[in-house]
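Student: need a structure here:
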Amino acid sequence: MQVPAGNLLKRINNPSDLKQFKEDELEQVCDELRQYIIDVVSVNGGHFAASLGVVELTVALQYVLNTPYDQLVWDVGHQAYGHKILTGRRDDFHTNRLHGGISGFPKRSESIYDTFGVGHSSTSISAALGMAVASQYKGETDRQHVAVIGDGSMTAGMAFEALNHAGIENSNLLVILNDNNMAIDPNVGALKEYLTDITTSKPYNRFRDDIANVLTKLSSIGPDAFKIAKKIEKSIKGTLLKKSNFFEALKFRYFGPVDGHDVKHLVKLLQDLREIPGPKLLHCITTKGKGYALAEKDQTKWHAPGLFDKITGEIKKTYYDKPQPPKYQDVFGHTIIELAEANPKIMGITPAMPSGCSLNLMMKAMPHRAFDVGIAEQHAVTFSAGLATQGLTPFCNIYSSFMQRAYDQVIHDVAIQNLNVVFCLDRAGFAGADGATHHGAYDLAYMRCIPNMTVAAPMNEEELRNLMYTAQLDNMGPFVIRYPRGNGVMVDWQRPMKAITVGKGRKVCDGEEVAILSIGAIGNEVVKATTALNEEGYYPAHYDIRFVKPLDADLLHEVFQKYPNVITVEDGCLEGGMGSAILEFMADNKYSANVVRLGIPDKVIEHGEQPELWAECGYDAASIAMQVKKSGITLNKHIIAS
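Tutor: Below is the predicted model:
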């Protein structure tokens, strides 16, 4: 649904239009931009609070910079809605995150103003530094390079690695630290406390305003005067606030903290900072959800609230006349508490996603046994490995696509040492509207090739509980359990848990001529397909593989000895996935069958609802049924007649 823009905003089709306004008009532009985001997101959905918090910063940056020549990189991209609206996508913004519409994140193929594709955190400084060094190499000395990174993203090691490198390059780089004390959930750790110390230091805050003005003026006089002023500033900073030396120690010129909602002051600062050479960091204090009272009050809830009434703030929910299955993440959250109550060795770990994976339930019930380590997937894995060396059983819950960032740690720190770390990979398969950067497409392929690793996927909530129970038994080694985003299929899911024999699948139904092999929750689409096929007189068999490593050899021998046609179905990449494992088994055991693999093809799949993407890739129920018919299965006319 498209909504009208305000009087000034409707005149802005690109940043050059914005520059036609007087500085006194920018506050109205900000008000209209904020209201437009509220209007559109309330009726179409999407990320919300993050973009409201950087409206003034977005307007100031586009007003001062000469984009796209000047290069602006947004970290993660949750906060880039204002950027999209000001850079030619206002009239398409109502398609944001919809199948076939614009992406919810900056995307190079979508706009020349999106200088770097993002979705995962903490990449902006590295990318902007690469751009700055390239510009320096090409002699483009007037080109500006800006990375906007939140304090949550700043906790990741990659951000520190980039700061460390940038400090010695002396390139034209400005890092803007958007400090709102929030990621999706409240930030944690020593960095948060450090930034709070800077923010609340009154002597330092008075001093930094004066010194910033002096430095700007001295830079125009000459390099010698500027160097002297820098030495004086560094000395005084160390006296006023010892902890303020962190960014300075990395050879960044530090400015701030400043009010990130004062658009006129931001414009002046950014104009001044253009004239100061070398790496600089501007520390802006903002409020996530700024301008929408409910979002300011509960920033986690309003990070991505879905559809809501913008007047009352009521988040619109679908009401059902009977109980519905729970989300898989909530099954995990409640089950780990049950297991931990019975097993004192169990610990819970997540990298900054406690509400997203529902570990927040354990953090509340057992705060000394559940840890949010911040946006630091590599640390989360090796921290878990350290716990495991001491006889504990860590459940490390990381979104499938985020686990890619810690692959070396999985191999080097967990698998080689054969440690009993349980990896719960949430958002496996298609993640939906978050799109390509968040799809969990590759975990079956990249996990099954690792020695000592067990890789499993439950078809329903009961199996998820049973796999979690199995994984925490003694000496299980590294154990992966992957499950999708969204709701399961069982209302009566809190059943007593029992151990599952590792490497054993199950026969869902017997059949004729064709066997369908599935793994994980996508098997429920196979059930829909077989049910529909049975009504037409077709009777394929269905096997739930359950473990892609180790494979159930007995089950597969039965399949290849009995069925000439085999269809594999997985909510993961075809290259190296479950279907590939089945083909390897067939070749190794010298079987011959007509095998068709259904899953995510070897290309980037964009955003859309899960059923839309299953259909696009050809493994929803209808596509599976069609493939069964194409395999040449005989129509059982006798059964139809009866």
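Student: Please work out which residues outside stretch 544-559 touch it.
Tutor: 444, 447-448, 453-459, 463, 500, 502-508, 515, 517-519, 523, 541, 543, 566, 577-578, 581-582, 585, 589 (Cβ atoms under 8 Å, 6 or more residues apart in numbering). Any C-beta I mention is one placed from the backbone N, CA and C, and that applies to glycine too.
Student: Just the buried ones from these, in ChimeraX syntax?
Tutor: Selection command for ChimeraX covering only the buried members of those, criterion 16 or more other Cβ atoms under 10 Å:
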select :444,447,448,453,454,455,456,457,458,459,463,500,502,503,505,508,515,517,518,519,523,541,543,566,577,578,581,582,585
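Student: So which of the contacts of stretch 544-559 belong to helices?
Tutor: 444, 447-448, 463, 523, 578, 581-582, 585 (DSSP state H).
Student: Tell me the one among the residues you listed nearest to residue 307.
Tutor: residue 523 (30.4 Å; Cβ to Cβ).
Student: Hmm, residue 508 and the closest one touching each other?
Tutor: Yes. Proximity of residue 523 to residue 508 meets the contact threshold set by Cβ atoms under 8 Å, at 7.2 Å.
Student: List the residues that are in contact with both of those two.
Tutor: Joint contacts of residue 523 and residue 508 (Cβ under 8 Å, 6+ apart) are 542, 544.
Student: give me the low-pLDDT residue ranges for the protein?
Tutor: 1, 182-189, 192, 196-245, 635-642 (pLDDT under 70).
Student: What strands line up against the lengthiest strand in the chain, and which way round?
Tutor: The longest strand of the chain (DSSP state E) is strand 565-573. When sheet partners are counted by DSSP bridges, strand 565-573 sits next to strand 514-518 (parallel), strand 594-600 (parallel).
Student: Which of the ones you listed has the highest mean neighbour count?
Tutor: Highest mean neighbour count among these (mean count of other Cβ atoms under 10 Å): strand 514-518, with a mean of 28.
Student: quick one, what contacts residue 458?
Tutor: By Cβ under 8 Å, 6+ apart, the neighbours of residue 458 are 464, 466-467, 481, 483, 520-521, 546.
Student: try 6 Å this time
Tutor: 464, 467, 483 (Cβ atoms under 6 Å, 6 or more residues apart in numbering).
Student: Assess the claim that residue 291 and residue 53 are in contact.
Tutor: No. Using Cβ atoms under 6 Å, residue 291 makes no contact with residue 53, being 8.7 Å away.
Student: Comparing the two, which shows the higher neighbour count?
Tutor: Shown here are residue 291 and residue 53; by other Cβ atoms under 10 Å, residue 53 has more neighbours (30 against 20).
Student: and the more buried one, how far is that from residue 47?
Tutor: The gap separating residue 53 from residue 47 is 11 Å, by Cβ to Cβ, to the nearest Å.
Student: ok, back up a step: farthest pair within the ones in helices among the contacts of stretch 544-559?
Tutor: 463 and 585 (22.1 Å).
Student: wouldn't residue 524 be in contact with residue 487 here?
Tutor: No. Using Cβ under 6 Å, residue 524 is not in contact with residue 487; the gap is 10.8 Å.
Student: Quickly list the domain ranges of the chain.
Tutor: 9-201+241-297, 328-482, 506-641 (automatic domain parsing).
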